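Visitor: let's see this in three dimensions:
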Amino acid sequence: MITAEALMKRYGNKVAVDGISFTVEPGQVTGFLGPNGAGKSTTMRMIVGLDKPNSGRVEVNGRQYRGHRAPLQEVGVLLDARAAHSGRTAYKHLLAIAATHGIGATRVHEVIQMAGLDSVARKRVGGFSLGMRQRLGIATALLGDPATIILDEPVNGLDPEGIRWVRTLMRDLAAEGRTVLLSSHLMSEMAQTADRLIVVGRGKILADDSITNVISRATRSVTRVRTRDTQRLVDTIAGTEVVASVMPDGAVEIQGMTAEEVALAASASGVVLYEVASVSGSLEEAYLALTAGEVEYRSLAAAGTGAHR
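Guide: Prediction:
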């Protein structure tokens, strides 16, 4: 378990993390989302003692990170896939880290196999692609068989098979009762992996809830229908809490009624529907809505750049 209380970090006059409190529970994958500069990496660095908070505290498994006698066996962390010494082989890198905690070579071989590094274990890390470095970083995080795993952008550089491996691994680790904190900018991947989300912006928490609740609160759900009697349908369902909008493609999007309610109302009025579907918001839509005013680095829209073709 990870517990943060009123955690704050400043760099000069800049507040990177602004008094945030949260808990990351075991048995589920918690996604950690936010724009660049939101304070995610700083928060993760404070969790594992690489940065010291100006105020507040954060504990992992009941203690501050520096208070654990064997931290590698408590917390497995990947913050930078480039951290491995480029002149060492993958095997020697893992073996050297294992030696600091009295972990034997058998476990080194286990994590090499688990991460799919068998064929490159004796090759120098300097020749690795980003994806292979990510696999090595994850293998390093798992070396001590920790109860808590923290991974920052672990799927960067991975191919589809590697991304699916990370997704399955995170789900399996959580199912074993471990605490999993995962940061990623890939919304589609986070939607398939995370149970819970913590969304931050400019150092503050914008949302902390189940992924279902975060999406439902930040987006709108509509019932989308098609009929050849559009106006009659709109007149039938019109009400103070119902909004019906005719879309450019001819479909009608209805807020305030479920698909079943729309179908029943249409049937009672003799309106034939040849398409009816419930359409929910996506995680990407929810994320963009939550962080709309919190983006520190904003690109110009393509249409407004005035660029020549």
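
Visitor: pLDDT (mean, whole number) over the helix or strand encompassing residue 15?
Guide: Under the criterion of DSSP states H and E, residue 15 resides in strand 14-24. The pLDDT scores in strand 14-24 average 96.

Visitor: who does the helix or strand following that strand pair up with?
Guide: Later in the chain than strand 14-24, the nearest helix or strand by DSSP H and E is strand 28-33. If you go by DSSP bridges, strand 28-33 pairs up with strand 179-183 (parallel), strand 196-201 (parallel).

Visitor: report the strands that pair with the strand holding residue 15, each with its relative direction.
Guide: Strands that pair with strand 14-24, judged by DSSP bridges, come out as strand 2-11 (antiparallel).

Visitor: what comes up buried for the longest helix along the chain?
Guide: Scanning the chain for the helix with the most residues, using DSSP state H, yields helix 160-175. Using 16 or more other Cβ atoms under 10 Å as the test for burial, helix 160-175 gives 162-163, 165-167, 169-171, 173-174. Using the backbone N, CA and C atoms, a C-beta is placed for each residue, glycine as well.

Visitor: got a list of what the residue nearest to residue 49 when sequence neighbours are not counted touches?
Guide: Computed as Cβ to Cβ, 6 or more residues apart in numbering, the closest residue to residue 49 that is not its neighbour in sequence is residue 65, at 4.0 Å. Residues near residue 65 by Cβ atoms under 8 Å, 6 or more residues apart in numbering: 47-49, 58, 71, 74-75.

Visitor: ok, back up a step: show me which positions of the strand holding residue 15 end up buried.
Guide: The neighbour-count check on strand 14-24 (16+ other Cβ under 10 Å) flags 15-20, 22, 24 as buried.

Visitor: mind putting the residues you listed in TSV, distance to residue 94 included?
Guide: Shown next, in TSV, are the buried residues of strand 14-24 (distance: Cβ to Cβ, whole Å):
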residue	distance to residue 94
15	38
16	32
17	32
18	37
19	38
20	34
22	31
24	26
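
Visitor: distance of the nearest residue to residue 125 once chain neighbours are set aside from residue 261?
Guide: Once flanking residues are discounted, residue 125 sits nearest to residue 84: 4.6 Å by Cβ to Cβ, 6+ apart. Relative to residue 261, residue 84 is positioned 57 Å away (Cβ to Cβ, to the nearest Å).

Visitor: need the winner for burial among the strands paired with strand 28-33.
Guide: strand 179-183 (a mean of 25; mean count of other Cβ atoms under 10 Å).

Visitor: can you give me the helices in the stretch 1-150 of the chain?
Guide: For the stretch 1-150 of the chain, the helices defined by DSSP state H, counting those that start in this stretch cover 40-47, 90-99, 105-114, 130-142.

Visitor: output the longest helix of the chain as PDB, nothing but the C-alphas.
Guide: Provided in PDB are the C-alpha atoms of helix 160-175 (Å, rounded to 0.1, in the frame of the first residue of the first chain):
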ATOM      1  CA  PRO A 160       2.000  -4.700 -29.500                       C
ATOM      2  CA  GLU A 161       3.100  -8.000 -28.000                       C
ATOM      3  CA  GLY A 162       5.200  -6.200 -25.400                       C
ATOM      4  CA  ILE A 163       2.300  -3.900 -24.500                       C
ATOM      5  CA  ARG A 164      -0.100  -6.800 -24.100                       C
ATOM      6  CA  TRP A 165       2.600  -8.500 -21.900                       C
ATOM      7  CA  VAL A 166       2.800  -5.500 -19.600                       C
ATOM      8  CA  ARG A 167      -1.000  -5.200 -19.400                       C
ATOM      9  CA  THR A 168      -1.400  -8.900 -18.500                       C
ATOM     10  CA  LEU A 169       1.500  -8.700 -16.000                       C
ATOM     11  CA  MET A 170       0.000  -5.700 -14.200                       C
ATOM     12  CA  ARG A 171      -3.400  -7.400 -13.900                       C
ATOM     13  CA  ASP A 172      -1.800 -10.600 -12.700                       C
ATOM     14  CA  LEU A 173       0.300  -8.800 -10.100                       C
ATOM     15  CA  ALA A 174      -2.800  -7.000  -8.800                       C
ATOM     16  CA  ALA A 175      -4.700 -10.300  -8.700                       C
END
